[in-house]
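Chemist: with the input below, show me the fold.
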Amino acid sequence: MFLLSTVTTVPAQSKDSSAGKRDTANQGLLAGYNSKLEELEQQRLTDSVKRAQLETQINSLKTTDNLKKQELQARLDELNSKEANRLLQKKQQIDSLRKTAKGEPVIAFFNDTLFSIYSGIGSFSAKERADATSERIRNLANDYTFSTDSLNIQEIENTLGICYRDRTISSISENDALWDNTSKDSLAQMRLNIIRKAIRDYRDKTSFQTLAKEIGLALLCILVMALLIYVIVKFFRWLAAQIRSQEGKKLKGIRIRNYTLFDSQKQLSSFLMLNNFVKWVVILTAVYIALPILFGIFPSTEDLAGTLIGYILNPLKAIVRKVWNYLPNLVTIIVIYIIFRYVLKVLRFLKVEIATGKLRIPGFFPDWANPTFQIIRILTYAFMLIVIFPYLPGSDSPVFKGVSVFLGFLFTFGSAGSLSNVISGLVLTYMRLFKIGDRVKIGDVFGDVIEKSMLVTRVRTIKNEIISIPNSTVMSSHTINYSSDAPLKGLILHTTVTIGYDVPWKDMHQALIDAALRTEHVLHEPLPFVLQTGLEDFYVSYQINAYVRESNKQATIYSNLYQNIQDVCNERGIEIMSPHYRAGRDGNQTTIPEQYWKKENDVK
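Modeler: Predicted coordinates:
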């Protein structure tokens, strides 16, 4: 069975391409339809035999035998009615399949489809009929003794055949006519005209004169292309010379403040490289445009022209189509981003208000505002990505999911130590152990905190050494904060002095207090005080305690305190001889510096 797809010759795809478009559903529809056709055809053959017999019997009867003739005529009318019903069933089946079924194309020359065949005849399938018809038409065109006027239509059994001499080129059955909604005679005439026109066009396109013209046009195209490439090369050489002439003039380099991004030589090289790159892009583009024109000259290579153009147009069309189809998702992503952006602005405003003390929340300290905002911002962005993820292009593809899982695996196992430090940093923030500028002692590290991050805490020692301590180490070490209560309650600095039993303890207490009061930054209120911390075998331990507010100046305060203790003790004749100082009193000079005891003798 055939379907005339068009009465004009149209470009077609190759057999493999057409076969590739055929799906399982289409094959199932045609198989079921062909099965029903076989049943109807068997019925038609049986009925046609009976009809022939009845017609013979009617013709053999005498004119006087009317009763017998009426009986036979009734049976003949019944068979004709069954034939009409059979044709109606066929037509209904074809109408139901017309929009979905795809036939086998008859391809003659230059991959042009002439018409399509939907079912077979006898033992020949639709594909076998289409291939055989295509081959016969091509053979006719290559036979130079053949004339298109020699083609004619002949009746062959129950079909009409388009014949040349004793060869049948194509057959038209009743089913073919039903597929095309026409009669067998009309369909045969249309296909005859199509075949004649296809052969004439093929001979015209492959004639010597046409071939000579095509070769001439191809040579002209190659010549024009060569001339165009020559002009392009000359133009870009001239442009390169103009660029070189601007070195030191317009090409003076690129500077960003005090940083030289490109000097004049590098800038010149960059422009020359760009010029060369653009030159080759233009040349390749011109060649790519010229090749389809060149291939389009010859009918046998005309398909290559369309293929080459399709290499560029098809991806561009696909990109434009996908971008257009993606626009609703893109708008959704933009709306989601804007909503989350304004949510973060509100959170940032609240953070500033809390940090500056304008907004007070019971139990929430101002120094928690910034780290809390950072945590909420990260969680907000993470939630935003979760919401946006389904709208991302390719989010449902296995590759996208595989990459996501792989990155998650790397993040989990590659940042285990970092995550420990991050969690420790969060805990430290809310524990409020120290803040920037506090004088602390973390483990064996003594100094001022200069930076707190999610990963490390940096401390500057009194020797200007910057020590970075991982937050996990800070959590596992003991921390002493000297600055937290110093501004309000004061920090007590203390040191121990050991003096012999020959010095009255009251004198020693007063001497240490006076030495502390002389020391800069020591508070007079509350007053310094002395604690006796031990009565050893050879000396008494006196501990002087003094209040200060400048915890970051401990080294200087201690140094001045030690100096003042020495001065006061020397002024009052108190010898600091313990714990291991030994001196014999056999006329040797005292341990007090000479300037003090000379001054004392002069006063006396």
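Chemist: how does this structure divide into domains?
Modeler: Listed by automatic domain parsing, the domain ranges of the chain are 209-297, 435-481, 486-603.
Chemist: in JSON lines, list the ones you listed along with mean neighbour count and mean pLDDT.
Modeler: (Glycine included, C-beta is placed from N, CA and C.) Formatted as JSON lines, the domains of the chain follow (neighbours: other C-beta atoms under 10 Å; pLDDT from 0 to 100):
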{"stretch": "domain 209-297", "mean neighbour count": "13", "mean pLDDT": "85"}
{"stretch": "domain 435-481", "mean neighbour count": "16", "mean pLDDT": "88"}
{"stretch": "domain 486-603", "mean neighbour count": "15", "mean pLDDT": "85"}
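Chemist: how about a markdown table for the ones you listed, with distance to Leu428 added?
Modeler: Formatted as a markdown table, those follow (distance: least, C-beta to C-beta, whole Å):
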| stretch | distance to Leu428 |
| --- | --- |
| domain 209-297 | 38 |
| domain 435-481 | 6 |
| domain 486-603 | 20 |
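Chemist: out of those domains, flag the one nearest Phe365.
Modeler: Across those, Phe365 has its closest neighbour in domain 435-481 (10.0 Å, C-beta to C-beta).
Chemist: can you give me the end-to-end distance of the closest one?
Modeler: End-to-end distance for domain 435-481: 9 Å, by C-alpha to C-alpha, to the nearest Å.
Chemist: for stretch 429-445, same thing?
Modeler: Start-to-end, stretch 429-445 (C-alpha to C-alpha) is 19 Å.
Chemist: and the closest residue to Gly447 other than its chain neighbours, what does it touch?
Modeler: Excluding the flanking residues, the one nearest Gly447 by C-beta to C-beta, 6 or more residues apart in numbering is Thr461, at 3.9 Å. Applying C-beta atoms under 8 Å, 6 or more residues apart in numbering to Thr461 gives the contacts 445-447, 467.
Chemist: now do 7 Å
Modeler: 446-447, 467 (C-beta atoms under 7 Å, 6 or more residues apart in numbering).
Chemist: and if you look at Pro528?
Modeler: With contact set as C-beta under 7 Å, 6+ apart, Pro528 has these partners: 513, 516-517, 522, 544-546.
Chemist: returning to what we had before: so of the contacts of Thr461, which ones are in helices?
Modeler: If you go by DSSP state H, the contacts of Thr461 have nothing in helices.
Chemist: of those, closest to Glu571?
Modeler: Of all the contacts of Thr461, Phe446 has the smallest distance to Glu571: 32.7 Å, by C-beta to C-beta.
Chemist: over to the residue nearest to that closest one when sequence neighbours are not counted: give its phi and psi.
Modeler: Distances taken as C-beta to C-beta, 6+ apart put Thr461 closest to Phe446, at 6.3 Å, once the chain neighbours are dropped. When read as degrees, to the nearest 10, the backbone of Thr461 gives phi -80, psi 170.
Chemist: mind listing what whatever helix or strand Gly161 lives in pairs with, with the direction of each?
Modeler: Here Gly161, judged by DSSP states H and E, is contained in strand 159-164. Strand 159-164 has the following strand partners under DSSP bridges: strand 151-156 (antiparallel), strand 167-172 (antiparallel).
Chemist: residues of the last one that come out buried?
Modeler: By neighbour count, with 16 or more other C-beta atoms under 10 Å as the criterion, the buried positions of strand 167-172 are 169-172.
Chemist: show me the helices in the stretch 351-500 of the chain, by range?
Modeler: 369-388, 398-414, 416-431, 471-476, 486-489 (DSSP state H, counting those that start in this stretch).
Chemist: ranking those by mean pLDDT, which is last?
Modeler: Per-stretch mean pLDDT for those is lowest at helix 398-414 (a mean of 65).
Chemist: hang on, the earlier thing: and which of the contacts of Pro528 is nearest Ser477?
Modeler: Of the contacts of Pro528, the one sitting nearest to Ser477 (C-beta to C-beta) turns out to be Asn545, at 26.6 Å.
Chemist: which one is that closest one nearest to, not counting chain neighbours?
Modeler: That would be His494: by C-beta to C-beta, 6+ apart, it lies 4.6 Å from Asn545.
Chemist: tell me the contacts of the one you found?
Modeler: His494 sits next to 543-545 when contact means C-beta under 7 Å, 6+ apart.
Chemist: bridging residues for Thr159?
Modeler: Bridge pairing for Thr159 - DSSP bridges - gives Ile156.
Chemist: hmm, it is touching Ser170, no?
Modeler: No. Assessed by C-beta atoms under 7 Å, Thr159 is found out of contact with Ser170, at 9.8 Å.
Chemist: before we move on, the earlier item: nearest to Ala126, out of the strands paired with strand 159-164?
Modeler: Among these, the nearest to Ala126 by C-beta to C-beta is strand 167-172 (12.2 Å).
Chemist: chain center to that closest one, what's the gap?
Modeler: In this view, strand 167-172 has its centroid 58 Å away from the chain centroid, taken as C-alpha atoms, centre = their mean, to the nearest Å.
Chemist: my read: Ile169 touches Ile162, true?
Modeler: Yes. Counting by C-beta under 7 Å, Ile169 touches Ile162, with 4.8 Å between them.
Chemist: give me the three-state assignment for Asp501.
Modeler: Just so we're on the same page, residue 501 is Tyr rather than Asp. Under DSSP: H, G, I helix; E, B strand; the rest coil, Tyr501 falls in the coil class.
Chemist: if we can go back for a sec, give the intersection of the neighbour lists for Ile169 and Ile162.
Modeler: Here Ile169 and Ile162 have Ile195 as joint contacts, going by C-beta under 7 Å, 6+ apart.
Chemist: name the element Leu187 belongs to?
Modeler: Secondary structure (DSSP H and E) places Leu187 in helix 184-205.
Chemist: buried stuff in that helix?
Modeler: Residues of helix 184-205 classed as buried by neighbour count (16+ other C-beta under 10 Å): 184, 187-192, 194-196, 198-199, 201-203, 205.
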